[in-house]
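Engineer: give me a 3D structure for the following:
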Amino acid sequence: VSAWLTDVLGADLGSGAVNDKMALASRRCSQSRSTGGLARGCLMVLGTVAAWNTWYRQATPPSAWISRPWLASGRSLRVCRLAAPTPLSAELPNPEAFRICVEEYNPDDPSNEEFSEGPPPKGFRNLEECIRPYHENPDWHIWPEGVGTFERDQKVIATYTLATNLFIDCNKVLREGNEDGMRRMARMIWEIREVCRFEVDKICKPNGRKCKPWVGNVLRGLELPKDEVKAVADLYKEGTEFVWPAFTSCQEENDENSGGSGLWPFDGNLNFEIEYDIDVTKTDEKEVLAPVAIKRFIGGSQEVLFPPGTKFKVVGERPMEKVTESEKEKEIYTKLLKVVELPKATGAPGERRR
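Structural biologist: Alright, predicted model coming up:
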């Protein structure tokens, strides 16, 4: 019974809050004049406490390592309220944490410690601990053997692109340089990053992967509050070079299903037309991190995924457009970008079997 109450109340039975609840239940139960009344009284009080606890958990934002303002505001996940426009930078927001948690992270390193939130945070979560908050079903914790196999890559991409907060949180901690968050998500970030890793001399070879780096033009869009979109668009001045520190999802420009115009979530009120023409087979590097087409793993997808740390350059813009949607006027800004540098393929690579 104690264990059950602990689970229902969401706290230890020794805590003051629970003691107060139990004292209230005891007083009300003692006022019942019969055994039947006693049982009914206890059940009513416990039911009330359970209902209150459920409401409290939903109404009170968790003291988590990452804020989720849309839960309280009710905003669409695509509309991000910015405290202030963040200046573009050619540097990562927290280079040292990125180096430890992304570039040099090796899940098989025997010196890795279990994750501890600190402060300061230490260690790393394992794969199961990393994805359990987003995928509680045990089936999602069954992973094909062999990092780098097609089956493993397919599972990674399916897990990442599913409509949960996993991809949101992975990218949020990378954009913010949040070391605590990166340590929690490091294993999944490593898995996704491995999908973007290629051994140059095996690209399109029989002993290489059943996948090749993607080349072409893509579209990406952001849906921002209308009173903030212009300030953000103005940051992308022609000639500016900058790094997007997170994974960047785009859509193929020649998507036949949309006539090349872009589909949600790749169009918004701030859109990017991105040119990518880097031939990684001509590099002197033995391994590279390069964009991949998601349709290689999930049929019908038009998404292209760029690795974190990809550098872009603003090469132009299109005139601002005014359109009317749902009887409301909307300003659309479009920036022209070109990929000028891919991130280095640092870290411990998975064993590519194919």
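Engineer: which element, helix or strand, includes the closest residue to residue 323 other than its chain neighbours?
Structural biologist: Nearest non-adjacent residue to residue 323, counting by Cβ to Cβ, 6 or more residues apart in numbering: residue 330, 5.3 Å away. In this view, the C-beta of every residue, glycine as well, is placed from N, C-alpha and C. Secondary-structure element containing residue 330, defined by DSSP states H and E: strand 328-341.
Engineer: tell me the contacts of residue 310?
Structural biologist: 243-244, 248, 291, 339, 341-343 (Cβ atoms under 8 Å, 6 or more residues apart in numbering).
Engineer: of all pairs in those residues, which one is the farthest apart?
Structural biologist: 243 and 291 (14.8 Å; Cβ to Cβ).
Engineer: more crowded one of the two?
Structural biologist: Set residue 243 next to residue 291 and count neighbours by other Cβ atoms under 10 Å: residue 291 wins out with 24 against 18.
Engineer: how close does the more buried one sit to residue 199?
Structural biologist: 16 Å (Cβ to Cβ, to the nearest Å).
Engineer: and what of residue 312?
Structural biologist: 25 Å.
Engineer: isn't the residue nearest to residue 323 right next to residue 324, touching?
Structural biologist: Yes - with contact defined as Cβ atoms under 8 Å, residue 330 reaches residue 324; the gap is 7.1 Å.
Engineer: more neighbours: which of the two?
Structural biologist: Between residue 330 and residue 324, counted using other Cβ under 10 Å, the more crowded position is residue 330 (15 against 8).
Engineer: need the pLDDT of the more buried one.
Structural biologist: With respect to pLDDT, residue 330 has a value of 87.
Engineer: residues touching it, list them.
Structural biologist: Contacts of residue 330 (Cβ under 8 Å, 6+ apart): 226, 269, 322-324.
Engineer: swap in residue 139?
Structural biologist: Residue 139 neighbours (Cβ under 8 Å, 6+ apart): none.
Engineer: what's it sitting at in phi/psi?
Structural biologist: phi -60, psi -30 (degrees, to the nearest 10).
Engineer: separation between it and residue 223?
Structural biologist: Counting by Cβ to Cβ, the gap from residue 139 to residue 223 is 33 Å.
Engineer: go on, residue 128?
Structural biologist: Taking Cβ to Cβ, one finds residue 128 at 34 Å from residue 223.
Engineer: neighbour count: the two, which is higher?
Structural biologist: The residue with more neighbours, out of residue 128 and residue 223, is residue 223; 19 against 13, by other Cβ under 10 Å.
Engineer: ok, for the more buried one, nearest residue in space, not its chain neighbours?
Structural biologist: Nearest non-adjacent residue to residue 223 (Cβ to Cβ, 6+ apart): residue 268, at 3.6 Å.
Engineer: which SS state does that neighbour fall under?
Structural biologist: coil (DSSP: H, G, I helix; E, B strand; the rest coil).
Engineer: list the contacts for it?
Structural biologist: Applying Cβ under 8 Å, 6+ apart to residue 268 gives the contacts 78, 221-224.
Engineer: quick one on the thing from earlier: neighbour count: residue 312 and residue 199, which is higher?
Structural biologist: Per other Cβ under 10 Å, whichever of residue 312 and residue 199 has more neighbours is residue 312, with 25 against 18.
Engineer: that one: which element?
Structural biologist: strand 310-325.
Engineer: roughly how far apart are the closest residue to residue 102 other than its chain neighbours and residue 334?
Structural biologist: With Cβ to Cβ, 6+ apart as the criterion, residue 102 has its nearest non-adjacent residue at 5.9 Å, and that residue is residue 189. Residue 189 is 30 Å from residue 334, where distance means Cβ to Cβ.
Engineer: who has more neighbours out of the two?
Structural biologist: Neighbour count, other Cβ under 10 Å: between residue 189 and residue 334, residue 189 has more, with 25 against 20.
Engineer: state whether the more buried one is indeed within a helix.
Structural biologist: Yes - counting by three-state DSSP, residue 189 falls inside a helix.
Engineer: which ones are touching it?
Structural biologist: Contact analysis of residue 189 by Cβ under 8 Å, 6+ apart lists 101-102, 105, 170, 174, 182, 308.
Engineer: now, those residues that are in helices?
Structural biologist: 170, 174, 182 (DSSP state H).
Engineer: from what I see, the second one and residue 307 are in contact.
Structural biologist: This means residue 174. No - between residue 174 and residue 307 there is no contact under Cβ under 8 Å: 10.7 Å.
Engineer: between the two, what contacts are shared?
Structural biologist: residue 247.
Engineer: where does this protein have low pLDDT?
Structural biologist: 1-85, 254-266, 348-354 (pLDDT under 70).
Engineer: please enumerate the strands of the chain.
Structural biologist: 197-199, 216-222, 241-244, 248-252, 270-276, 287-289, 292-293, 303-306, 310-325, 328-341 (DSSP state E).
Engineer: now tabulate these in JSON lines and tack on distance to residue 91.
Structural biologist: Shown next, in JSON lines, are the strands of the chain (distance: least, Cβ to Cβ, whole Å):
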{"stretch": "strand 197-199", "distance to residue 91": "23"}
{"stretch": "strand 216-222", "distance to residue 91": "21"}
{"stretch": "strand 241-244", "distance to residue 91": "7"}
{"stretch": "strand 248-252", "distance to residue 91": "17"}
{"stretch": "strand 270-276", "distance to residue 91": "20"}
{"stretch": "strand 287-289", "distance to residue 91": "18"}
{"stretch": "strand 292-293", "distance to residue 91": "25"}
{"stretch": "strand 303-306", "distance to residue 91": "18"}
{"stretch": "strand 310-325", "distance to residue 91": "10"}
{"stretch": "strand 328-341", "distance to residue 91": "13"}
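Engineer: I am finished for the moment; much appreciated.
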